[in-house]
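Asks: I need the structure of the sequence given here:
(4 chains)
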Protein chains: 4
Amino acid sequence: MARRTASREAAGHASAGDEARHGHRHAWRTAVTHVEPNRILVRGYALDELMGRVSFAEAVYLLLEGELPTPAIGRLMDAMLVSLVDHGTSPPSTLAARNVATAGAPLRASVAAGVLGFGTYHGGDIEGCVQLLERGVARVREGVSHEEAARQVVEAHAARHEAVPGFGHRLHTHDPRAARLFQMALELDVDGAHLRMLRAIERALNALRPDGPPIPVNVDGAIAAVCADIGLAASVGHALFIISRVPGLIAQAREEQERERPMRQIDSTAAIYDGPRERRLPGTRK
Amino acid sequence: MARRTASREAAGHASAGDEARHGHRHAWRTAVTHVEPNRILVRGYALDELMGRVSFAEAVYLLLEGELPTPAIGRLMDAMLVSLVDHGTSPPSTLAARNVATAGAPLRASVAAGVLGFGTYHGGDIEGCVQLLERGVARVREGVSHEEAARQVVEAHAARHEAVPGFGHRLHTHDPRAARLFQMALELDVDGAHLRMLRAIERALNALRPDGPPIPVNVDGAIAAVCADIGLAASVGHALFIISRVPGLIAQAREEQERERPMRQIDSTAAIYDGPRERRLPGTRK
Amino acid sequence: MARRTASREAAGHASAGDEARHGHRHAWRTAVTHVEPNRILVRGYALDELMGRVSFAEAVYLLLEGELPTPAIGRLMDAMLVSLVDHGTSPPSTLAARNVATAGAPLRASVAAGVLGFGTYHGGDIEGCVQLLERGVARVREGVSHEEAARQVVEAHAARHEAVPGFGHRLHTHDPRAARLFQMALELDVDGAHLRMLRAIERALNALRPDGPPIPVNVDGAIAAVCADIGLAASVGHALFIISRVPGLIAQAREEQERERPMRQIDSTAAIYDGPRERRLPGTRK
Amino acid sequence: MARRTASREAAGHASAGDEARHGHRHAWRTAVTHVEPNRILVRGYALDELMGRVSFAEAVYLLLEGELPTPAIGRLMDAMLVSLVDHGTSPPSTLAARNVATAGAPLRASVAAGVLGFGTYHGGDIEGCVQLLERGVARVREGVSHEEAARQVVEAHAARHEAVPGFGHRLHTHDPRAARLFQMALELDVDGAHLRMLRAIERALNALRPDGPPIPVNVDGAIAAVCADIGLAASVGHALFIISRVPGLIAQAREEQERERPMRQIDSTAAIYDGPRERRLPGTRK
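Replies: Reported below is the predicted structural model:
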């Protein structure tokens, strides 16, 4: 998270006067949440005032960035968090959670185990993609065209035999979550240099192998571009993945404990979906 | 989570026809999320259709309960999730997260450690309070008055020298988060038998010790009553606590790594708040 | 762990004189390990003096019980820790660890996830069995015969439709680890009332169903009886399971990362052993 | 772990004949532990045969390396595991464990949280030091003197303003655990090129700043050198740290739950040792 550059005093920060009362032993400072009897301030806002007036997604932004988001960014926060909320029974993190659940552990243990399965190969592409987009955007600012900057990125990765983070998916050839985020960014007038760079890279990647299967931008790439365009640090994208996926882990772990016997052998390739058939949102929500 | 009683076929659930394709070896069923190339259905709804049309809090409800919430319940979901999002540097779970962070671990490790600190004494009161409210409401349905049912609950706990879950707080004598939830439940016309029982218990508790300090209902109790009145199982309340607190753990762990040196000795009693002074939401959000 | 009954002063414990130096703020006491520049005492013994003179298993006993074990108990500690060190690829805890490993996480994350899979159904029988044996032994001390006390235990569990902890195994009809522990307890002259009760329960269990498959005592039951006979609290048995299994989790997670590609779908029923064929210890070790 | 170069067939490994029985679906191979009814083989050795004949530390080596250690290496394994077993109340990993314990969580949750606090700055130096020693030894094999190779290592780190892993300690100026490991390595005739390089680096480090406080080799450095000299991979050193510290975490978490009230604020700087005063091993153990 970028540090606020505005003067801490001018922004109305608590003074160092409290230090005298605490003494100097191990005294340290925290700017996230202030708690005292009958009063809880999150980045300065009273928690009970936030309740019912900001969404949880907006409160997440406030916690991580220190300020409330604009309405448009707030809507994107909700959308990004919804986009990552679950991805079925097959991710290793979900299987880690289910295996802990079949052993009879409480939900929180399943959540902890599942969260430990995020990272390098799984939910870790967001940060890598943000960095890559920022390099591309820096090139463009130096005068290079989007197409040329994108081509350089793609060729550099090809030379290192590395996949480009934010692109491709073991299952999807057209990630519906990415497409929806692009549409929303456009509608909310938030799309900027990073989204533009992302699309240029998509074109360059597919131009490199015109006869091969299409390599689509995936949800990690879309989130990376949106986060960068709204000014969030690379690490915030990974934080969003964690926050979003926790309800999915909980739903999977609960189902494991409610429907299956304890200590079973879980073969994720043998899962058959028996939930609701596809259904549309009611008209009131369009 | 109560199982949907409606016929699975009538509700449009996927048939067992898929079983033939998978064979019978270790086949098992899952109703949460269906994933296939270019299509992700969460409880039957396409994920990209949900994005931008339901809030993350509403998506959490959908995941856990299997159906979309009403708009009123959706607003309460956002409010409940906001209410628990952080509580400063002193909870043991937050300190577990910070200690893992000061050791240089990635954010997900801090989250996992923090989540393991939820439970018996911490975030665990929600389930206990729901069960207690349900017993009280059952008494009332048998013909006992609210005041009498409440008195019985309070006296049973006093006889066992047990605190009543959902009441009291080591710091707050008037939990602002509970008050706000009550106000919203009233405004949204969602308050029902459990909220009424909760208030009766609060009166009975304080009548027992009229000269002592007030024992307020706390946020766990308020969430327990609201969850019960909107039909959520007791375990869902605890799940909401986990989901809500994860962003708080992340913000605390990130601050630890951004502002402090690694491997420091963290004394939570020596933390001094230097964040924004109290500030009000802009008029546009009222 | 039972508190040492001998006078703390007489046993040579550090005096409260240090309190003055620390002040009274949050001062608390710890009796496990004392650390100061160039000196580390574990329960009073200099760590460098222990190294090379006590085995790690004996150091575990010292840490948990506060005193060094006798040589016989030390040998049993090593044997008990060896007995639980691994059990192949199928336990849910091992699969949780492997799933976190396939996601690219560091070994410690795999260990944490695996450890969270111990508990109620898995490694949790040791405590339950200790309690049951202690009840049986108490009966015998009251004058009831071993056979009668055992019969009562078995019938009580049958009436509640509960399995007797410490008996049976999904795979083994004759748990070789249990047999070996019994043999060692006999040779080391450590077998006592609890082991005798365990064997009486085994006879009673199998007498109840003479035509059914044999229900063997399993390693958890053997460890429970040995721990109880050497005076360890019930919770120590579960601690031994955790300590012992950690190397197994590490070996499994490392193999996952060294031999398999990342993010694979792990089907434990499809594992084929390709390690060394059965081999005997060299003659020098008999 | 280096893969065994000997022919798998010649070494008596299970054939691929089993594959036919399992089919080809997701079939994969594992060489650690074979489990079938009434038979458990760890790297080919029957578990019940190992019990009472190899120490737990030797079983750890067998699990990780695939072969039994020599008696000398077995003794060093026990010593290395003892050396890291605990380090008091102040390490952040221990505080993470204690904070989860004060929240009322089961021991395994405390262990998981504590283990997550190992890593970059804490127990992570072993691998970094092994790599550094291997580079130094490679230089010596190319003809450079020990002193020159050591000087190069020290100067390279100084130029990057980096500490040399394996040296220095926030508390100890003479790490007794390192000294004891050196002594044992010498007595057991195991000391080799890496230990020699380690000592050369210690001399070079201190020559660089003759007037400053001495920078001692610490236990991580000693373990790194010993592991490298006995042929263990760098990652095994870190695994030893995890395995060793788990009993320490358990002892600390248990003490927290047995002696302190739940949900307390833990200030590690206010801990006062009240355990046994320093005592010597009985003569029978020298």
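Asks: alpha carbons only for contacts and neighbour counts from here, please
Replies: Will do.
Asks: what does the stretch 101-250 of chain A have sitting close to chain C?
Replies: Within the stretch 101-250 of chain A, the positions lying close to chain C (C-alpha under 8 Å from any C-alpha of the partner chain) are A:101-105, A:109-110, A:112-114, A:116-122.
Asks: what stretches of chain A score poorly on pLDDT?
Replies: Scanning chain A for pLDDT under 70 picks out the ranges A:1-25, A:122-124.
Asks: Let's see that with 80 instead.
Replies: Low-confidence regions of chain A, defined here as pLDDT under 80, cover residues A:1-26, A:119-124, A:286.
Asks: Which residue does it have closest to chain D?
Replies: Chain A approaches chain D most closely through residue A:109 (7.7 Å), counting by C-alpha to the nearest C-alpha.
Asks: State the distance from residue A:266 to residue C:110.
Replies: Applying C-alpha to C-alpha, to the nearest Å, the value for residue A:266 to residue C:110 is 18 Å.
Asks: In terms of neighbours, single out the busier of the two.
Replies: Comparing residue A:266 with residue C:110 by neighbour count (other C-alpha atoms under 10 Å in any protein chain shown), the higher total belongs to residue C:110, at 36 against 24.
Asks: Identify the residues contacting the more buried one.
Replies: Contacts were defined as C-alpha atoms under 8 Å, 6 or more residues apart in numbering or on different chains; by that measure residue C:110 touches A:116, C:96, C:97, C:98, C:99, C:100, C:101, C:249, C:250, C:253.
Asks: OK, contacts around the fifth one?
Replies: Contact partners of residue C:99, counting by C-alpha under 8 Å, 6+ apart, are A:92, A:93, A:95, A:96, A:117, C:110, C:266.
Asks: Spell out which parts of the stretch 151-286 of chain A neighbour chain B.
Replies: Applying the criterion C-alpha under 8 Å from any C-alpha, the portion of the stretch 151-286 of chain A that neighbours chain B consists of A:171-177, A:180-181, A:184, A:239, A:242-243, A:246-248, A:250-252, A:255, A:265-267, A:270-281, A:285-286.
Asks: Sort out which of these are buried, if you could.
Replies: With neighbours counted using 16 or more other C-alpha atoms under 10 Å in any protein chain shown, these contain these buried positions: A:172-177, A:180-181, A:184, A:239, A:242-243, A:246-248, A:250-252, A:255, A:265-267, A:270-278.
Asks: These in helices, which ones?
Replies: A:176-177, A:180-181, A:184, A:239, A:242-243, A:246-248, A:250-252, A:255 (DSSP state H).
Asks: What are the boundaries of the strands in chain A?
Replies: Using DSSP state E, the strands of chain A run over A:28-30, A:33-36, A:39-42, A:45-46, A:271-273.
Asks: With distance to residue A:126 added, can I get those in CSV?
Replies: As requested, the strands of chain A are exported to CSV (distance: least, C-alpha to C-alpha, whole Å):
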stretch, distance to residue A:126
strand A:28-30, 27
strand A:33-36, 27
strand A:39-42, 27
strand A:45-46, 30
strand A:271-273, 28
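Asks: looking at those, which is closest to residue D:219?
Replies: Using C-alpha to C-alpha as the measure, strand A:28-30 is the one of the strands of chain A that comes nearest residue D:219, at 30.8 Å.
Asks: how much space between the spatially most central residue of chain A and residue B:34?
Replies: With the centre of chain A defined as its mean C-alpha position, the nearest residue by C-alpha atoms, centre = their mean is residue A:240, 3.0 Å away. When distance is defined by C-alpha to C-alpha, residue A:240 is 22 Å away from residue B:34.
Asks: TSV please, covering the strands of chain A and showing distance to chain D.
Replies: Listed next are the strands of chain A as TSV, based on distance: least, C-alpha to the nearest C-alpha, whole Å:
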stretch	distance to chain D
strand A:28-30	14
strand A:33-36	15
strand A:39-42	19
strand A:45-46	25
strand A:271-273	15
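Asks: Determine which of these approaches chain C most closely.
Replies: Using C-alpha to the nearest C-alpha as the measure, strand A:271-273 is the one of the strands of chain A that comes nearest chain C, at 12.0 Å.
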